[in-house]
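Chemist: Below are the sequence and a predicted model for it; my questions follow.
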Amino acid sequence: MLKLKTKTEFLKVYNRGDKHFGYYQLIYILKNNLKENRLGVVASKKTGNAVCRNKLKRLFRENFRQNNENLNQGYDIIFIAKRNAGDVFKTISLSMIEKDSIKIFKRARLLK
């Protein structure tokens, strides 16, 4: 799994990418010139404390890992945790995140 690492990579996706809203997350998607998808995950301090942010980031990464083979390749994708996810982080599960992101990927026509 390739990751977005630098600030310039993130800013490029923010400025040029398409924004899609879900209940627990906001996803930016931008076509890149690679043969694989690259992932970026963001959880701000508004989302919750460090335990909450780390759990949400782990869930987003695992969700991407499981669904990456079903997605069209060649995109930069950034998951941003919303405050709703932080409010229910003790009871949130991977399946809840997965349902939300699959709805977004269908809307964005990113699923194969």
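Modeler: Good, I have the coordinates.

Chemist: where does the closest residue to Lys57 other than its chain neighbours land in three-state SS?
Modeler: In space, Lys57 comes closest to Val41 once its chain neighbours are excluded; the distance is 4.8 Å by CB to CB, 6 or more residues apart in numbering. All C-beta atoms are positioned from the backbone trio N, CA, C, and that covers glycine. Under the three-state scheme (DSSP: H, G, I helix; E, B strand; the rest coil), Val41 adopts strand.

Chemist: got the buried residues for whichever strand or helix holds Ile104?
Modeler: In this structure, Ile104 is located in helix 94-107 according to DSSP states H and E. Of the residues in helix 94-107, those scored as buried under the neighbour-count criterion (16 or more other CB atoms under 10 Å) are 96-98, 100-102, 104-105.

Chemist: And it, how far out from the chain middle?
Modeler: In terms of CA atoms, centre = their mean, to the nearest Å, the centre of helix 94-107 is found 10 Å from the chain centre.

Chemist: that older thread, identify the residues contacting the residue nearest to Lys57.
Modeler: The neighbourhood of Val41, defined by CB atoms under 8 Å, 6 or more residues apart in numbering, consists of 57, 60-61, 78-79, 81.

Chemist: Also Ile80?
Modeler: Contacts for Ile80 (CB under 8 Å, 6+ apart) come out as 25-28, 42-44.
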